[in-house]
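> okay, here's the prediction I keep looking at, along with the sequence it came from:
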Amino acid sequence: MKRFLGTLLVCCFFIAGASGSTNAQNMTRVNLNNRSYHSVYIIAYDPNCRIRVYEGVLANGGNTTVRVCSDNRRRGSIIVYDVHGRSLKFSQLHDGSGVNIRFR
């Protein structure tokens with residue numbers, strides 16, 4: 001019985017440790033830079049975590065920083081949509097990367 005309880009206890013600690021490590025998510029900072037010749041209304045989407053990370057207007061020459069989820073190599077991805085449904089996809093972004101958004 002003691003052996004069974006000891007094995008059960010070790011399994012519980014292993015499961016608790018494994019579940020804690022899968023919940024920890026590394027984040028990558030990405031700078032969105034508007035290089036269009038006008039203000040743009042955009043939606044920025046994080047495909048790794050499947051969430052919207054930004055929605056709003058960026059002025060001509062404006063920028064903003066967002067945080068996206070990283071993959072196992074600490075690289076992030078982002079998809080930027082404009083009001084007409086056009087998209088720009090950026091991947092393999094490291095922390096502090098800047099992406100230039102230019103919609104015509």
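On my side now, so go ahead. Residues are numbered from 1 along each chain as shown.
> in what helix or strand does the residue nearest to the spatial centre of the chain lie?
Closest to where the C-alpha atoms of the chain average out (Cα atoms, centre = their mean) is Val68, at 1.9 Å. Per DSSP states H and E, Val68 falls inside strand 63-69.
> spatially nearest residue to Gly76, not counting backbone neighbours?
Thr28 (3.5 Å; Cβ to Cβ, 6 or more residues apart in numbering). Where C-beta positions appear, they are placed from N, C-alpha and C, glycine not excepted.
> ok, which stretches of the chain are helices?
All helices of the chain, identified by DSSP state H, fall at 2-23.
> let me see the contact set for Asn26.
Cys69, Ser70, Arg74 (Cβ atoms under 8 Å, 6 or more residues apart in numbering).
> which stretches of the protein have low pLDDT?
Filtered on pLDDT under 70, the chain yields the residue ranges 1-24.
> by neighbour count, which of the contacts of Asn26 wins?
Comparing the contacts of Asn26 by number of neighbours (other Cβ atoms under 10 Å), Ser70 comes first, having 19 neighbours.
> what are the bridge partners for that residue, then?
Ser70 forms beta bridges with Gly76, as assigned by DSSP bridges.
> any idea how far Asn48 is from it?
Plainly put, Ser70 is 7 Å away from Asn48 if you go by Cβ to Cβ, to the nearest Å.
> common neighbours of these two, please.
With Cβ under 8 Å, 6+ apart, Ser70 and Asn48 have common neighbours Gly76.
> what count of nearby residues applies to Leu32?
Counted with other Cβ under 10 Å, Leu32 comes out at 21.
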